[in-house]
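>>> When you get a sec, could you give me coordinates for this:
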Amino acid sequence: MARQVVKFRSGEVIYAQGDAASAVMYVQTGEIKLSVVSSVGKEAVVGVMGPGDFFGEGCLAGQSVRMGTATAMTPATVLAIAQEQMLHALHEQHELSDLFISYMLARNIRIEEDLVDQLFNSSEKRLARILLLLSHFGKDSRSEAVAPGVSQEHLAQMVGTTRSRINLFMNKFRKLGFIDYSNDAGLTVNHGLLSVLHE
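Residues are numbered from 1 along each chain as shown. This next block holds a predicted model:
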């Protein structure tokens, strides 16, 4: 397999922690959850990927096995590109190389911000930031929908707190008008949630 488009059902595992790492994945449609399980069985959600995102790129840097599990949160279409073909394309296609490097640098900045957030911010602020990131909230946005399939359990794993604390904060955000469950889009994040980050 050099390059292959694969469709996944909601809840289907794309690759599991410990599998051989031999391809880079590119999300065409849907939402993908990246998670890691510790040696004592504790799971942490480390990211949610959407259309236009790469994942599984560790194989390009010599990673022989997957460090985590990738699971489709919604029906998803993923382009799997074999490690050798991706390396060849990055050397030969300068536009792709520039795009990929820009993407990886932006992702690295996001990971650093996540670490700072985890070290210095309250769980309420961490939840607000994650909801804004999951909704791809832009500068000119008034409201944005969060990717479907993100449960309070997922949010608790991403924030690093309990589901009951997430429920408490979500109810508070809803009462303040920062989030909305009442429309067909599912969970919607409103611009007022930004104020939580500046408290």
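
>>> hey, where'd the strands end up in the protein?
Ranges of strands within the chain are 3-8, 13-15, 23-29, 32-37, 43-49, 54-55, 69-72, 76-82, 143-145, 179-183, 186-190, based on DSSP state E.

>>> which secondary structure elements does the fourth one contact?
Contact partners of strand 32-37 among helices and strands, from 3 or more CB pairs under 8 Å, 6 or more residues apart in numbering; DSSP states H and E: strand 43-49, strand 69-72. For glycine as for every other residue, the C-beta is placed from the backbone atoms N, C-alpha and C.

>>> Quick check: buried residues in the longest one?
When burial is assessed from 16 or more other CB atoms under 10 Å, strand 43-49 yields the following buried residues: 45, 46, 47, 48, 49.

>>> which one of those residues is nearest residue 150?
Top of the list for closeness to residue 150, among the buried residues of strand 43-49 and by CB to CB, is residue 48 at 6.7 Å.

>>> Just the mean pLDDT for stretch 170-182, thanks.
Confidence over stretch 170-182 (mean pLDDT, whole number) is 87.

>>> thinking again about what came up before, of all the helices and strands packed on strand 32-37, which one is nearest residue 157?
Closest approach to residue 157 among those (CB to CB): strand 43-49, 4.1 Å.

>>> tell me the centre residue of this protein?
Most central residue of the chain, judged by C-alpha distance to the mean C-alpha position with CA atoms, centre = their mean, is residue 48 at 1.6 Å.

>>> How about the contacts made by that one?
Listed by CB atoms under 8 Å, 6 or more residues apart in numbering, the contact partners of residue 48 are 31, 32, 33, 34, 73, 134, 147, 150, 154, 158.

>>> And the third one, how close does it get to residue 71?
Read that as residue 33. Separation of residue 33 from residue 71 (CB to CB, to the nearest Å): 5 Å.

>>> What of the second one?
In this structure, residue 32 lies at 7 Å from residue 71, with CB to CB as the measure.

>>> before we move on, what about residue 51?
According to CB to CB, residue 51 stands 16 Å off from residue 71.

>>> which of these two has more neighbours?
residue 71 (21 against 13; other CB atoms under 10 Å).

>>> Hmm, the more buried one is touching residue 37, no?
No - between residue 71 and residue 37 no contact is recorded; they are 11.8 Å apart, counting by CB atoms under 8 Å.

>>> what about this structure, any weak spots by pLDDT?
Scanning the chain for pLDDT under 70 picks out 1, 138-141, 147, 183-185, 199.

>>> In it, where's the longest helix?
The helix spanning the most residues in the chain, taking DSSP state H as the definition, is helix 94-120.

>>> if we can go back for a sec, make a PyMOL selection of the buried ones in the contacts of residue 48.
Here is the PyMOL command that selects only those of the contacts of residue 48 that count as buried (16+ other CB under 10 Å):
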select buried, resi 31+32+33+34+73+134+147+150+154+158
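
>>> Any chance of TSV for the contacts of residue 48, columns distance to residue 98?
Compiled in TSV, the contacts of residue 48 are given as follows (distance: CB to CB, whole Å):
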residue	distance to residue 98
31	26
32	24
33	28
34	24
73	29
134	27
147	27
150	31
154	33
158	30
